[in-house]
Structure formats: structure tokens, C-alpha cells
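> Sharing a sequence plus its predicted fold:
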Number of protein chains: 2
Amino acid sequence: MAPVKNGRVVYKEVPSGYPEPGKTLVYDESQTIDLDNVSLHGGILTKTLSLSLDPFLRGKMRDSKIKSYSPAFVLGEPIYNDGVSIVLRSENKSVQAGDHVISNISAQLLICSFSSPWVQRIRATDFQEYSVISSESKWTVVENEHNLSWGAFLGVLGMPGHTAYSGWREFAFPEKGDVVFVSAGAGTVGSLVIQIAKSEGLKVVASAGSDDKVDFIRSLGADVAFNYKKQKTSDVLAKEGPINIYWDNVGGETLDAALAATAGRARIICCGHISDYNADKPSSITNLGLAVSRELRISGFLIASIWPKYEKKFYDELPKAVASGNIKHVVHETKGLEKTGQAFKDMLTGVTSGKNIVVVAEK
Amino acid sequence: MAPVKNGRVVYKEVPSGYPEPGKTLVYDESQTIDLDNVSLHGGILTKTLSLSLDPFLRGKMRDSKIKSYSPAFVLGEPIYNDGVSIVLRSENKSVQAGDHVISNISAQLLICSFSSPWVQRIRATDFQEYSVISSESKWTVVENEHNLSWGAFLGVLGMPGHTAYSGWREFAFPEKGDVVFVSAGAGTVGSLVIQIAKSEGLKVVASAGSDDKVDFIRSLGADVAFNYKKQKTSDVLAKEGPINIYWDNVGGETLDAALAATAGRARIICCGHISDYNADKPSSITNLGLAVSRELRISGFLIASIWPKYEKKFYDELPKAVASGNIKHVVHETKGLEKTGQAFKDMLTGVTSGKNIVVVAEK
């Protein structure tokens, strides 16, 4: 068979503010691949089916001189994140043509210790149609015994699911009667946190930025759900609090309002600060001084650090619960690799909700 | 003997900004006491020798409607804090005339749980010359086997000493090679934290607000000591950091600079925020968003909560170390109960340093 096009989403320039489709991320069809003859060097040739879009990718679109926990994307090369692919050819005995494989960017980040020099680059699944993957560490074969969607594997059972599950177990210290506040409650992480907190019998207050998302949050069982664009977070928390646990996905004003509404010995779990990701300068917090008199415990974390500790329990519990519908989740699919740039911006601006994935090919 | 005057320091009005001597705190000689005949109701009659001044007392000079961990002082009544007294008469078999007793405001605060209604008032030692103390829970007999000064008992061996010792053990998680930053390093808490950190072999950077205090910090063994009024904290930390542990006594700008200079997984111990105590509005923090990517652990605490856990070890180690000179401490004595108002303001504005006590009587 003659070489075929191998479409890619290339990182073209460092964005200021929101990443612009066609500028920050450019769809490129200039490359081809000979699927029958490309050298595998003992690895596998895969066809990409679904790719995950997550807010943390915005942090990788930065000046590469700025260090952070995850290396910056490389200008001129495809972006990468977790994805599900089907194997077309294999020179590796542990995997066969026709198998499905999934990458695990968090597990790979574990090699990136805080005390050792930062690794230059960590690849999960490239945003391109076909890939040759030489290293066995970059994929796991998906058994899919419950016949779940790829969106489930990339979301509620993927990095965001592990984030919610492990972060809660490591830092929440829930007690009977606690009031929990979750921001970005309609996101993949937030919506799982809400369900976990409800399963423990706690009162859950959660916010989101549209009425549709608020309806979704309510359907998850939250006791109080509100649209922060219509109701002030501080007003809602003054009425429904004080809060004992705050799961922070957004930072900024919301975090400040939550700090003000804390009960003594409250736990603040800092998981993300999406409100700052696209801002020129970080937002101001005025209530951190309350940490002393209220004995607050504020814990920031990256899932890579705590994943292994809870991995077994996670896989024992979650796939079953998702398959049975006991744990709900929503997937937003964008069909077509060429639409990645717009899909990513829509996720950051809150146009779309649930687990965002790009469907590159159905099978 | 005829009744004698019983001078008192009365809390007269809620201050805005720094408490003003003669306005906030007024020395009053209108009361008398008949030392021979006053009823003890099974308690003891004491003559106050030394009283402790601590920054947290500022927080008790607030509108009593505002709740906090420690009840507001009552307008028209004497202020109170820890003090050493000598027993003049006793109707309690466990204590004799001539014994010295010390109060423990922190241990008493333990009865004030976060979930139960706030107690209206907790008394340690009143700022007055003579007191009748009925409850045994309000004092401990001081053995003083090492013949230490009352300033030592109220400072390095008192509430501030327990704060430094217990807070470090509970929250610092020191590791070999760590860099520690301590603000207000010349204060009673800060200077003990510096010495503990040095005893564990860590690199210590510490700040204070005068050259004399900087000299004192250097004499404690700090590797880097600086006057934050002459050198920017952020500049010093950029050069000497990143920091793994920050012991925060001041909050505000200094806390923000420390957050910016943290290494991954740094521990921030929020012990006080003196920079805000006398301000109209709390200061702004812009670097809290780093909590996620650097996996920061920020822990605020009140000594009352963790005191019991470390009490035995503290008394096994510290009195000996202070007596031998292995642990250094400085006491600033103000002689005369009538000078309390000025002494308190001088401590808050940084005019005086070390453990501030008011000497009411020598014996």
C-alpha cells in the first residue's frame, strides 16, 4: 500500500491568554507514513482512536525556559496526552494487532522527581493519526471487560478519575457532618469528587459556570448546586457553610471566598487553578491569614505523586461502579483531529463540559 | 493590715491599628485588696511577679461579636495572659505560701473545641498585682530545679517555646539538605525555630526588622540573616533558596515572597501573621496558585491543639538545654505594671525584641 497522510496537531506558538485555534495549535497534513513498511524497531504501529483534552495541557504551552512539574511542549512538534489506539502491527510479543492500548501520562511523570534534573520531554500519545511506539512503558493493553467507551477510559477511569479518587483519599479526611464545597463541579474531576463525597454521606455544595452544568451537578446528587456567574460564591457559602472541605479546581476569587467560609481545621485541596491558566498575572488572595486561627490544612498535589498508592483500590472499585451506572460521567466528543484547537479552547472557556475527548477514528 | 492598692491593666476600648497606651490599655489603681482577710473559697491568694506579653493578645482586642479561636478581652476588665506569681496564702493542700505558680493559657484553650460553643472567657493570670484564684486548673507549681529566670518560663519554656518546638515536630518534615526560612527570627518563637533547624543540620535563612536583631539571629547560628527593611526578602530567597520549609510568623508580603521561592513539596508552617494584626484590611497574596504545581503543604496551627502531643518530650529536653546555654534566648523586661500599654505597643512595632515580659514585682 502506498504511504498515507499522517495528520498531526502541531504546537506552533506560545499563546498569551487563551490558545487560539490555527495559531497555537495547527493541524498539519504534510507528513505521510507507509503503514506496511515503516520500521518498528521492536515496537508497535498504532492508529489513534481517541485523545484526551485536559486543562493541565495549557500549562505545557509556555516558554520552555520556565520550569514546572511537566515539561513544556516543543514548538514545531505534535502535542501529546493520554489516548487510546488500536495496534496495526507489532514486533512486541506482549501485544497483538487488533489490541487496544492506552497511554498513562501520569505514571510516566513519576520518573520526573523533584530532586533530579527535569526531563526534557515525556510522551504519552501524540496528537497524530498513526504512531510508531518503541517503548513498552508508554502503553497498557486495555481489556475493557465492562465494554466501556474510550471516553470513560480517558476520563473517569483515566488521569482525571485517579486525580479525584486519590486526592480525596489522601487529603480530605472526611468526618461525619462535614460540608464539602467543590468548584468546577461539572468537570471530570469535580463531578467524581461530588459523587465520592455524597457516597460518604456528606453535604455537598458545588458550583459551575452555566445552568446546564448546574443541572448536571444536581443530577449527581449535590445538595446545593449554583451558577457562580449568577450567584456570588461568597453569598452561597455564607448561607450553606461553614465548609470543612474545599476541593479547589479553579483558584482565584473562588478560592478566596472558600477560605473566608472555612470552619476550623478545614482541609483545602488544591487540585487546579484554571482561573489563572490564561491570565496575564495571578489573582490575589486576601484570606490566607485565616490559616492560623482556623488551623487550615492546604494541600496542593499532582496526581503523579499519589497515583501508585491508590491504584489497586481504584481499579477494584471504579470500573465496576462506572459500568453499573453507580458512578455517572459525561463525555464530550469532538470528532476529527483537525478540530483539536477549537475543542481545547472550548474546554478552557467552559463552552463544553464533561470529559473532553477528540475522536480521531472510530475503529 | 489595712487593705492595699491592687493596680490593674484594664482593657478600655477596641483599638483600630496599634493599641495606644492610655487608651486601649489603662493602668488603674482604684481597687484595693485586704491581703489578710480576703476570702479564698478554697483557692489561693497570689502576688503577681512577671507577666507575659505575646503578639496573639492583639487578636483578643477586637469587637467581641467577632468569633475567633480565643475569646475577645472583656471591656472594663483586666487583660490576662500567662504569668508567674508567688503564693501569699493557700486553702489548697497542693500548694503552700511561698510557692511559685505559673498559668498555662494554651492548656486552658484546649477546652475550647472547634465544634462546641465558644467559651466566653478564659483566664490565665490577670494583669493585676494580687489575685484570688479559685480553680486549680489555672496554675502549676514551678519547681525551677535549674534556677532559671521567670522570663525563661514565660518564653522559651512557655507558650512560645511550645509553639516552636511542637509546630516544628508536627509540620516541618525536615529532610537532609533542606533550606529553611524563618521570618521574625529574633522573636521568641522564631529564635527557637532557628536553633532547632540548625540542630538538625539544615541551612537556615532568617529575617528581622533591625540590625541588632539580625546580629542576634546570627549569634543563634543562622547561615543567612538579613534586615528585611534593607534587603528585599524576594531577592535574598532567590539567591539562597529555593526553600523547603518556611516558618511564617508574619504573613503578608513575606509569605508571598516565600511562596514564590518554594521548592517542590515545600512545607509552609503558618504560625502567625503579625503584619496583619494591626492593619485595616488583610494583605494580598498572589502566589498561592503555586500550591498545585509545587505540591505545597500549608499548615496553620494553634499551639493549644498540639501541645499535649509533645509536652513530655519538651520538658525532658528544653529546660536542660536552656540551663546549659545550648538553647539561647533573650528576655526583654519592662519593670512596672503601669508600663504594660507602652511595652505591648513596643513589642508589636518591633522596638523591643526577645521574650517580652512585664515585671510587676521582683519577689
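Sure, I can see it. Note that the structure is predicted; figures quoted are calculated from it, not measured. Numbers count the residues shown, from 1 in each chain, chains lettered A, B, ... in the order given.
> CA atoms for contacts and neighbours, from now on please.
Will do.
> who in the stretch 151-300 of chain A is up against chain B?
A:251-252, A:264, A:270-273, A:276, A:282-289, A:291-300 (Cα under 8 Å from any Cα of the partner chain).
> rerun at 6 Å
Contacts of the stretch 151-300 of chain A with chain B, taken as Cα under 6 Å from any Cα of the partner chain, map to A:264, A:270-271, A:282-286, A:291-293, A:295-300.
> Mark which of those residues are part of strands, please.
Those of these mapping onto strands are A:264, A:270, A:297, A:298, A:299, A:300, per DSSP state E.
> Which one (most neighbours) among the residues you listed?
residue A:270 (29 neighbours; other Cα atoms under 10 Å in any protein chain shown).
> and residue A:213, that's in a helix?
Yes: according to DSSP: H, G, I helix; E, B strand; the rest coil, residue A:213 belongs to a helix.
> if I look at the closest residue to it other than its chain neighbours, how far off is chain B?
Leaving aside its sequence neighbours, residue A:213 sits nearest to residue A:186 (Cα to Cα, 6 or more residues apart in numbering or on different chains; 5.6 Å). According to Cα to the nearest Cα, to the nearest Å, residue A:186 stands 20 Å off from chain B.
> try residue A:308
Taken as Cα to the nearest Cα, the span from residue A:308 to chain B is 16 Å.
> residue ranges for the helices of chain A, please.
Here chain A has its helices, by DSSP state H, at A:105-109, A:150-154, A:159-171, A:188-199, A:211-219, A:233-240, A:252-260, A:274-277, A:290-293, A:303-324, A:340-349.
> Adding mean pLDDT, write those out as CSV.
What follows is the helices of chain A, written out as CSV (pLDDT from 0 to 100):
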stretch, mean pLDDT
helix A:105-109, 65
helix A:150-154, 95
helix A:159-171, 95
helix A:188-199, 97
helix A:211-219, 95
helix A:233-240, 98
helix A:252-260, 96
helix A:274-277, 73
helix A:290-293, 92
helix A:303-324, 91
helix A:340-349, 95
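> Of all the ones you listed, which one comes closest to residue A:132?
helix A:105-109 (17.0 Å; Cα to Cα).
> contacting residues for residue A:295?
By Cα atoms under 6 Å, 6 or more residues apart in numbering or on different chains, the contact set of residue A:295 is A:265, B:300, B:301.
> Over to residue A:33?
By Cα under 6 Å, 6+ apart, the contact list for residue A:33 reads A:3, A:4.
> give me that answer again for 10 Å
A:2, A:3, A:4, A:5, A:6, A:7, A:129, A:130, A:131, A:132 (Cα atoms under 10 Å, 6 or more residues apart in numbering or on different chains).
> Neighbour-wise, give me the winner out of those residues.
With neighbours taken as other Cα under 10 Å, the top of the contacts of residue A:33 is residue A:130, carrying 25 neighbours.
> I'd like to know the beta-bridge partner residues of the nearest residue to it once chain neighbours are set aside.
Once flanking residues are discounted, residue A:130 sits nearest to residue A:47: 4.6 Å by Cα to Cα, 6+ apart. Taking DSSP bridges as the rule, residue A:47 bridges to residue A:86, residue A:130.
> what about residue A:47, distance to residue B:345?
72 Å (Cα to Cα, to the nearest Å).
> quick one: contacts for the spatially closest residue to residue A:136 that is not a sequence neighbour?
Once flanking residues are discounted, residue A:136 sits nearest to residue A:43: 7.5 Å by Cα to Cα, 6+ apart. Residues in contact with residue A:43 (Cα under 10 Å, 6+ apart) are A:89, A:90, A:91, A:92, A:93, A:95, A:132, A:133, A:134, A:135, A:136.
> Swap in 7 Å and give it another go.
Counting by Cα atoms under 7 Å, 6 or more residues apart in numbering or on different chains, residue A:43 makes contact with A:90, A:91, A:92, A:132, A:133, A:134, A:135.
> Go through the residues you listed and flag which are in strands.
Among the contacts of residue A:43, the members found in strands (DSSP E) are A:90, A:132, A:133.
> List the contacts of the second one.
Listed by Cα under 7 Å, 6+ apart, the contact set of residue A:132 reads A:40, A:43, A:44, A:45, A:46.
> what about 6 Å?
Shown in contact with residue A:132 (Cα under 6 Å, 6+ apart): A:44, A:45.
> Could you do residue A:333 as well?
Neighbouring residues of residue A:333 by Cα under 6 Å, 6+ apart: A:357, A:358.
> tally of neighbours for the nearest residue to residue A:355 once chain neighbours are set aside?
Spatially, and ignoring its direct neighbours in sequence, residue A:355 is nearest to residue A:331 (4.5 Å; Cα to Cα, 6+ apart). Applying other Cα under 10 Å, we find 20 residues neighbouring residue A:331.
> ok, residue A:331 touching residue A:352?
No: contact between residue A:331 and residue A:352 fails when scored by Cα atoms under 6 Å: they sit 9.8 Å apart.
> Residues that sit against both of those two, list them.
With Cα under 6 Å, 6+ apart, residue A:331 and residue A:352 have no common neighbours.
> worst-scoring helix or strand of chain A, pLDDT-wise?
Least confident helix or strand, chain A: helix A:105-109 with a mean of 65, by mean pLDDT, DSSP states H and E.
> right, and residue A:32 touches residue A:7 too?
No: under the criterion of Cα under 6 Å, residue A:32 is not in contact with residue A:7, lying 8.0 Å apart.
> before we move on, back to that, for the ones in strands among the residues of the stretch 151-300 of chain A next to chain B, give me CSV that also has pLDDT.
Shown next, in CSV, are these (pLDDT from 0 to 100):
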residue, pLDDT
A:264, 92
A:270, 96
A:297, 97
A:298, 98
A:299, 97
A:300, 96
